[in-house]
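Visitor: Below is the structure, and that's it, no one-letter string:
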Ligand code: ADP
Ligand code: MG
């Protein structure tokens, strides 16, 4: 049989390679912008026609190329950025694979004009589907200008797969934005069908973000700063109250390269954990500077997926940096018990001033300590003093009870006074719609959301149990059997220890069956099977977490599951107990996922209504 293996002609090989690097107009835009950055430009202009399908042009004022280099730049594996494999570990440039221009030249009509700074004439080269059509000296400005016309003209299959102009343009804008965010010192512009979409002056980091995303971001951002001997983290996060319902504004950069990193994203999420509702995504622009040796960018042709040598280290530092900023700038709504009149935690995000009371600068700061301690911090070090929470309950003059009835917390001595006690409580708490607890406090009428409040109480109780390894457990009168699939049973075994820390007593019975004979204090007729099942689900979803977060998540899931439902009738004693316990919490004002637990209608407001 005749030999059948042949070497592919260059043009075909280039086309195939191009498919990996250039998937759509936006990929070409990314490569060209990055080349201009690598060339040391201080000004880069992008011109787009028909979402890049007709024309993509990038001009810069960078170093330019010599005549030979200009011709070479269009060859595959032609790069000025690395010479040998070792250089791969010291990359400071955006490009290095030497295939972008060759790929583009294989699938489009390219016109390249380039001139080095200190020479008279530049070069002009025209290439179409890898073939050089024209090459001559030309007079042009210093720098490089590349026009790409009719992308995929010779790969109709690819062209057919392009999305609508508006979709492709969105991709281009995204690529432009990523480079613009990473290089605020470069002035950059972009036009689409002759209309300016961006005109960005060189500026500082924050100003660049604001220029791209809009002026309203000026007051939405909080800086993040953290350095260790291995890396430097800087950038900005959005205040929690401006979090988005979609994952739009989330940017990580490693050595100024935009990257995607699910694990790091999780670090940010977990730092924000208590401050955001579960369906909101934090805004962030995080820049990580790290020795290129500790970073592998070579794992993907478009280089957006990178790996840190020590992901967990970066995770820990990042998470702590963000927690610190959130604490330092006190961006979380807080209750100030020392100021009697301000007992009002209604969310008024735009008026919220930036205060600095919770944060103490520590010279011996160790982020890993913080990881340990911050479990309970939630919204920053709380200034709520558990000792004087009862101040809240001082009734106003008009409503003051006789002296002897005031101390409802004192134990009843005889029947008569315990009756009085009961009536006292009854007069202080009302339930509304089997959902809210109403009571009067010094400054107004307080409305407590019974379920949200109980969720917060249980959550902190469970965290406390975990922290002090001292769970308050109650024996079940009738131990219950629960059973699971093989996989879930394995997981239950893994989290059994944590569940016991919360107050469960679980014993293995058969291979996939367990007996539960103790539950956390406060547990009431929930379906144990369901409760444990949901914890297992939760655990599976978060398998990536580092140890500490699993416990927090578990406490959260458990608290959420066990909190009293709305439409549960409460006795006055139960209402009192919820209210008391809520204000002994570290963060009484919100549920762990950021919903309001109570609200005060100030007397002035009631008075105004009648005035
Ligand atoms: P890489 O960026 O990976 O080196 P490219 O194919 O993108 O590969 O570019 C090939 C080479 O062409 C670069 O290494 C660089 O020397 C040169 N080059 C490309 N674009 C420019 C530009 N805008 N200004 C100066 N030189 C450029
Ligand atoms: Mg390049």
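Guide: In hand now; what should we look at? Every value quoted in this text rests on a predicted model; they were computed, and no experiment measured them. Ligands and ions are numbered 1, 2, ... in the order given.
Visitor: buried sites along the host helix or strand of residue 70?
Guide: Using DSSP states H and E, residue 70 sits within helix 67-72. By neighbour count on 16 or more other CB atoms under 10 Å, the buried set for helix 67-72 is 67, 70, 71, 72. (C-beta placed from N, C-alpha, C; glycine too.)
Visitor: Now tabulate those in JSON lines and tack on distance to ligand 1.
Guide: Shown next, in JSON lines, are the buried residues of helix 67-72 (distance: CB to the nearest ligand atom, whole Å):
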{"residue": "67", "distance to ligand 1": "13"}
{"residue": "70", "distance to ligand 1": "8"}
{"residue": "71", "distance to ligand 1": "10"}
{"residue": "72", "distance to ligand 1": "7"}
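Visitor: Now these in JSON lines, please, with extra columns for pLDDT and distance to ligand 2.
Guide: What follows is these, written out as JSON lines (pLDDT from 0 to 100; distance: CB to the ion, whole Å):
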{"residue": "67", "pLDDT": "95", "distance to ligand 2": "19"}
{"residue": "70", "pLDDT": "95", "distance to ligand 2": "14"}
{"residue": "71", "pLDDT": "94", "distance to ligand 2": "16"}
{"residue": "72", "pLDDT": "92", "distance to ligand 2": "13"}
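Visitor: quick check, nearest of those residues to residue 112?
Guide: Of all the buried residues of helix 67-72, residue 112 sits closest to residue 70, with 6.0 Å by CB to CB.
Visitor: ok, and the closest non-adjacent residue to that closest one?
Guide: Nearest residue to residue 70 in three dimensions, chain neighbours excluded: residue 123, at 4.5 Å (CB to CB, 6 or more residues apart in numbering).
Visitor: Unless I misread the structure, that neighbour falls within a strand.
Guide: Yes - if the criterion is DSSP: H, G, I helix; E, B strand; the rest coil, then residue 123 is within a strand.
Visitor: Please identify the pairing partners of the longest strand seen in the chain and their relative orientation?
Guide: Scanning the chain for the longest strand, with DSSP state E as the assignment, gives strand 473-483. Partners of strand 473-483 in the sheet, by DSSP bridges, are strand 513-520 (antiparallel).
Visitor: Next secondary structure after the strand it pairs with?
Guide: Immediately after strand 513-520, counting by DSSP H and E, sits helix 528-541.
Visitor: Near ligand 2, which residues of the stretch 51-200 of the chain are found?
Guide: 95, 100 (CB under 5 Å from the ion).
Visitor: Show me what residue of the stretch 51-200 of the chain gets nearest to ligand 2.
Guide: residue 95 (2.5 Å; CB to the ion).
Visitor: Isn't that residue up against residue 78?
Guide: No - applying CB atoms under 8 Å as the test, residue 95 and residue 78 come out as separate, 11.0 Å apart.
Visitor: neighbour-wise, which of these two wins?
Guide: Using other CB atoms under 10 Å, the more surrounded residue of residue 95 and residue 78 is residue 95, with 19 against 14.
Visitor: Just the buried residues of the longest strand of the chain, please?
Guide: Here strand 473-483 shows 473, 476, 482 as buried, counting by 16+ other CB under 10 Å.
Visitor: any idea which of those is least confident?
Guide: Model confidence across those bottoms out at residue 476, which has 75.
Visitor: where does the spatially closest residue to that residue that is not a sequence neighbour sit relative to ligand 1, distance-wise?
Guide: Nearest in space to residue 476, with sequence neighbours left out and distances taken as CB to CB, 6+ apart, is residue 517 at 5.2 Å. In this structure, residue 517 and ligand 1 are 65 Å apart, going by CB to the nearest ligand atom, to the nearest Å.
Visitor: Ligand 2 versus residue 517, what's the distance?
Guide: Per CB to the ion, to the nearest Å, residue 517 is found 65 Å from ligand 2.
Visitor: can you check residue 477 too?
Guide: From residue 477 to ligand 2 the distance is 71 Å (CB to the ion).
Visitor: Then residue 318?
Guide: 28 Å.
Visitor: Residue numbering should commence at 31 henceforth.
Guide: Noted, 31 is the first residue going forward, which turns the last one into residue 348.
Visitor: per-residue confidence for that residue?
Guide: 96.
Visitor: which SS class is the residue of the chain found nearest ligand 1?
Guide: Going by CB to the nearest ligand atom, ligand 1 is nearest to residue 125 of the chain, at 2.2 Å. Look at residue 125: counting by three-state DSSP, its state is coil.
Visitor: mind listing what it touches?
Guide: Residue 125 sits next to 61, 64, 65, 68, 109, 111 when contact means CB atoms under 8 Å, 6 or more residues apart in numbering.
Visitor: tell me the SS of the first one?
Guide: Three-state assignment for residue 61 (three-state DSSP): helix.
Visitor: one step back: for the residue nearest to residue 100, list each beta-bridge partner.
Guide: residue 144, residue 167.
Visitor: close enough to count as contact, it and residue 145?
Guide: Yes - using CB under 8 Å, residue 153 is in contact with residue 145, at 7.4 Å.
Visitor: what about those two, which has more around it?
Guide: residue 145 (26 against 23).
Visitor: check contacts around that one.
Guide: Contacts of residue 145 (CB under 8 Å, 6+ apart): 94, 151, 152, 153, 170, 171, 172, 173, 174.
Visitor: let's go with 10 Å and repeat that
Guide: Listed by CB atoms under 10 Å, 6 or more residues apart in numbering, the contact set of residue 145 reads 93-97, 100, 151-154, 167-175.
Visitor: of these, buried ones?
Guide: 93-95, 97, 100, 152-154, 170, 172-175.
Visitor: The residues you listed: which two are farthest apart?
Guide: 93 and 154 (17.5 Å).
Visitor: Tell me the spacing between the residue lying closest to residue 624 once chain neighbours are set aside and ligand 2.
Guide: Sequence neighbours aside, residue 307 is the residue nearest to residue 624 in space, at 4.7 Å (criterion: CB to CB, 6+ apart). Here the criterion is CB to the ion. By it, residue 307 lies 41 Å from ligand 2.
Visitor: so residue 307, which of the three states?
Guide: Residue 307 ends up coil, using three-state DSSP.
Visitor: that older thread, now the angle between helix 558-571 and the longest strand of the chain, please.
Guide: 80 degrees (axes from the mean of the first three to the mean of the last three CA atoms, to 10 degrees).
Visitor: Toward the C-terminus from strand 503-513, list the very next helix or strand.
Guide: Criterion used, DSSP H and E; the element after strand 503-513 is helix 516-532.
Visitor: what's the distance between that following helix and the middle of its chain?
Guide: 28 Å (CA atoms, centre = their mean, to the nearest Å).
Visitor: and the next helix or strand after it, what's its mean pLDDT?
Guide: Once helix 516-532 ends, the next helix or strand along the chain (criterion: DSSP H and E) is strand 535-538. Mean pLDDT, strand 535-538: 88.
Visitor: Give the pairing partners of strand 535-538; include direction for each.
Guide: By DSSP bridges, strand 535-538 pairs with strand 543-550 (antiparallel).
Visitor: How about the strand it pairs with, which residues are buried there?
Guide: 544, 546, 547, 548, 549, 550.
Visitor: how about those residues, which pair is most distant?
Guide: Most distant of the buried residues of strand 543-550, by CB to CB, are 544 and 550, 16.2 Å apart.
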